[in-house]
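Peer 1: I'll drop the sequence and a predicted model, then ask my questions.
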Amino acid sequence: MIEILGLEKRFGAVRALAGVDLRIATGRVTAVLGPNGSGKTTLIKGILGLARPDAGRVVVDGVEVDGVGAYRRRIGYMPQSPPFPENLTPAEVLQMLRDVRGSVEQPDEELLVTFGLEREMGKPFRTLSGGTRQKVNAALAFLFDPAVLILDEPTAGLDPVSSSALKDRIRRERERGKTVVLTSHIMPEVEELADEVVFLLEGSVRFAGAALALKAEMGESSLERAIARMMSRKVAA
Amino acid sequence: MKTTLKIARYQARDVVRGRWLVLYALFFAGVGELLIRFGGGPVKALLGLVSLVLVVVPLVAIMFGGIYVYGGREFNQLLLAQPIDRRQLFAGLYGGLALPLAAAFVLGVGTPLAARVVGEPAQLVALGTLLLAGVFLTLVFVALALLVAFGVQDKTKGLGVAVALWLALTVVYDGAVLLVVTRFAHYPLEHPMIGLMLLNPVDLARVLLLLQFDVSALMGYTGAVFQRFFGSTLGTAVGVAGLTAWIVGPLVLAARRFRRMDF
């Protein structure tokens, strides 16, 4: 369970989060939706302690988010853009994460195998394509059997085969009782994966609940249309 | 501490594999070799390298450091999403950046000169001092690079600030001091001069060097004053203490900023 209580964050004049209250349930896939600049990534960074809130707090499984970050041992994070040191190899970055976590268990390298990355593991990142980096980025989030997975636009830049494999993996993690939080702009994908939907607009939560409930409330059969209808209502209101 | 060392190790590995570091070492080795062969032997080569080190080491440390830190900002997000403390990451970043740069400098300057001065105690001391001063300047200017890169969000603006800072400390400062001196030539300026010198890390490094090289006249006005005032032992101690303060001060400020910033 991730509890977000009155979370506020400003960047200069921009109010990225304007008092967000949210409960993200364990064992569910929650999709955070909203137009560009609505505060999705800031919300995720608030959960991870990467962005320091101006007000409010975040509690992950009963542990308050702070600077020390022992609670992050339970979290697997996939950032939006593949951000790796150019001269290191995927194998070295994997080892680096193991080292800084002090992890002695064998990491879960299943996704690396599924993505066919074994032959790329020894090549420096500067020689790898954007898609390959993104596959490494995705695989790293699953390495340490985290209880909470936070995935920022996980399938962006992946080919259809890898994208499907990743989605299968996400579904399996949910079946194993993991908490998954993801952002996406691809509505069919959200519809496929998400149990819960959180819709952000200008830093505020406009809807939080089951994806089915949102569709029913808006009287639409697809999530994409339901979101579009909600946005146009907000504009009209 | 252990986590810091682990981070620094991978960071250093990434830095060492980049070709810029190799070019940097080769640059000093090449210039040193040329000065020895065509400039009149190791003593003159050392003197020639002094002025070069005082300008080039700060420039490379602050620019290379700045570019590297800006480039690594997003990777820091991934690291900070791991169960590590921001202080550990900060220390790891600094160590992993400053130590390879310092090592490349020592190897580059030391390789052509070490074998040639090994029989001459005075020259050996001079080479040692040059290496020490260069290492200090590297540590100071990488600390300043972190301060700028974490203090200024925008990369282009930040690198501009870095260049301006380098120019101010290496060129403008001594010029300004000289201007003050000529303007107020009728006043007893020695003590204020000493104070002014302690405020600039490049001047402090210059002082360390000139106390060994005995070429105060070649080292700018501030250097000449300093030698007359302190003499060798006390001067060296003051120089080392001042440079240490110039490492610690910017690092403390940069670390405080790093702990509070958003990624």
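Peer 2: Thanks, I have it.
Peer 1: contacts and neighbour counts: CA atoms only from here.
Peer 2: Will do.
Peer 1: tell me the centre residue of chain B?
Peer 2: The centre of chain B sits closest to B:Leu137, judged by Cα atoms, centre = their mean, with a distance of 1.6 Å.
Peer 1: excluding chain neighbours, what is closest to the residue of chain A found nearest chain B?
Peer 2: Closest residue of chain A to chain B, Cα to the nearest Cα: A:Ala51 (4.3 Å). Nearest non-adjacent residue to A:Ala51, counting by Cα to Cα, 6 or more residues apart in numbering or on different chains: B:Asp262, 4.3 Å away.
Peer 1: so the one you found sits against A:Pro53, correct?
Peer 2: No: if you go by Cα atoms under 8 Å, B:Asp262 and A:Pro53 don't touch, sitting 9.0 Å apart.
Peer 1: okay, the two: which has more neighbours?
Peer 2: A:Pro53 (21 against 16; other Cα atoms under 10 Å in any protein chain shown).
Peer 1: who is the spatially closest residue to that one that is not a sequence neighbour paired with across the strands?
Peer 2: Leaving out its chain neighbours, the residue that sits closest to A:Pro53 by Cα to Cα, 6+ apart is A:Lys9, at 5.1 Å. Beta-bridge pairing for A:Lys9 (DSSP bridges): A:Leu17.
Peer 1: quick one: pLDDT of A:Lys9?
Peer 2: On the pLDDT scale, A:Lys9 is placed at 92.
Peer 1: show me the contacts for it.
Peer 2: By Cα atoms under 8 Å, 6 or more residues apart in numbering or on different chains, the contact list for A:Lys9 reads A:Arg15, A:Ala16, A:Leu17, A:Ala18, A:Arg52, A:Pro53, A:Asp54, A:Ala55.
Peer 1: can you tell me which residues in chain A are near chain B?
Peer 2: Residues of chain A lying close to chain B (Cα under 8 Å from any Cα of the partner chain) are A:45, A:48-52, A:67-73, A:75-79, A:81, A:83-88, A:92, A:96-97, A:99-101.
Peer 1: just the buried residues of the residues you listed.
Peer 2: A:45, A:48-52, A:67, A:69-73, A:75-79, A:81, A:83-88, A:92, A:96-97, A:100-101 (16 or more other Cα atoms under 10 Å in any protein chain shown).
Peer 1: now, those residues that are in strands?
Peer 2: Cross-referencing these against strands under DSSP state E gives A:Ile75, A:Gly76, A:Tyr77, A:Met78.
Peer 1: now A:Val63: phi and psi?
Peer 2: A:Val63 has phi and psi values of phi -110, psi 130 when expressed as degrees, to the nearest 10.
Peer 1: oops, could you answer that again for B:Gly18 instead?
Peer 2: Main-chain dihedrals, B:Gly18, degrees, to the nearest 10: phi -70, psi 140.
Peer 1: do the same with A:Leu88
Peer 2: Main-chain dihedrals, A:Leu88, degrees, to the nearest 10: phi -100, psi 160.
Peer 1: can you give me the neighbour number for the closest residue to it other than its chain neighbours?
Peer 2: Leaving out its chain neighbours, the residue that sits closest to A:Leu88 by Cα to Cα, 6+ apart is A:Pro124, at 5.0 Å. By other Cα under 10 Å, the residues close to A:Pro124 number 19.
Peer 1: now B:Leu107
Peer 2: 18.
Peer 1: list the contacts of it.
Peer 2: The neighbours of B:Leu107, taking Cα under 8 Å, 6+ apart as the test, are B:Ala25, B:Ala29.
Peer 1: same question for B:Leu159.
Peer 2: Here B:Leu159 is in contact with B:Met63, B:Gly66, B:Ile67, B:Ala149 (Cα under 8 Å, 6+ apart).
Peer 1: now do 10 Å
Peer 2: Contact analysis of B:Leu159 by Cα atoms under 10 Å, 6 or more residues apart in numbering or on different chains lists B:Ile62, B:Met63, B:Phe64, B:Gly65, B:Gly66, B:Ile67, B:Tyr70, B:Ala145, B:Val148, B:Ala149, B:Val152, B:Leu165.
Peer 1: where's it, which helix or strand?
Peer 2: In this assignment (DSSP states H and E), B:Leu159 forms part of helix B:155-167.
Peer 1: so how far is that helix off the chain centroid?
Peer 2: In this view, helix B:155-167 has its centroid 16 Å away from the chain centroid, taken as Cα atoms, centre = their mean, to the nearest Å.
Peer 1: equivalent analysis for stretch B:39-50, please.
Peer 2: 20 Å.
Peer 1: measure the closest residue to B:Leu89 other than its chain neighbours to B:Ala12 for me?
Peer 2: Of all residues not flanking B:Leu89 in the chain, B:Thr4 sits nearest, at 6.2 Å (Cα to Cα, 6+ apart). The gap separating B:Thr4 from B:Ala12 is 12 Å, by Cα to Cα, to the nearest Å.
Peer 1: A:Lys9 now?
Peer 2: Distance from A:Lys9 to B:Ala12, by Cα to Cα: 34 Å.
Peer 1: tell me the mean pLDDT over the helix or strand hosting the residue nearest to the centre of chain B?
Peer 2: Using DSSP H and E, B:Leu137 sits in helix B:121-151. Throughout helix B:121-151, pLDDT has a mean value of 93.
Peer 1: could you give me the buried positions within it?
Peer 2: Under the neighbour-count criterion of 16+ other Cα under 10 Å, helix B:121-151 has B:123-124, B:126-150 buried.
Peer 1: chain center to it, what's the gap?
Peer 2: Put simply, helix B:121-151 sits 3 Å off its chain's centre (Cα atoms, centre = their mean).
Peer 1: repeat that for stretch A:75-89.
Peer 2: Remark: stretch A:75-89 is offset 14 Å from the chain centroid, using Cα atoms, centre = their mean.
Peer 1: that one spans what distance, first to last residue?
Peer 2: Taking Cα to Cα as the measure, stretch A:75-89 stretches 23 Å from start to finish.
Peer 1: export stretch B:10-28 as CSV, just CAs?
Peer 2: Extracted in CSV, the C-alpha atoms of stretch B:10-28 (Å, rounded to 0.1, in the frame of the first residue of the first chain):
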residue,chain,number,x,y,z
TYR,B,10,32.1,2.2,-11.2
GLN,B,11,32.1,5.9,-11.8
ALA,B,12,35.9,6.0,-12.1
ARG,B,13,35.7,3.0,-14.5
ASP,B,14,33.4,4.9,-16.7
VAL,B,15,35.6,8.0,-16.6
VAL,B,16,38.8,6.1,-17.2
ARG,B,17,37.4,4.4,-20.3
GLY,B,18,36.4,7.7,-21.9
ARG,B,19,39.1,8.9,-24.3
TRP,B,20,39.2,12.4,-22.9
LEU,B,21,41.1,11.2,-19.8
VAL,B,22,43.7,9.5,-22.0
LEU,B,23,44.1,12.6,-24.1
TYR,B,24,44.6,14.7,-21.0
ALA,B,25,47.4,12.4,-19.7
LEU,B,26,49.0,12.3,-23.2
PHE,B,27,48.9,16.0,-23.4
PHE,B,28,51.0,16.6,-20.3
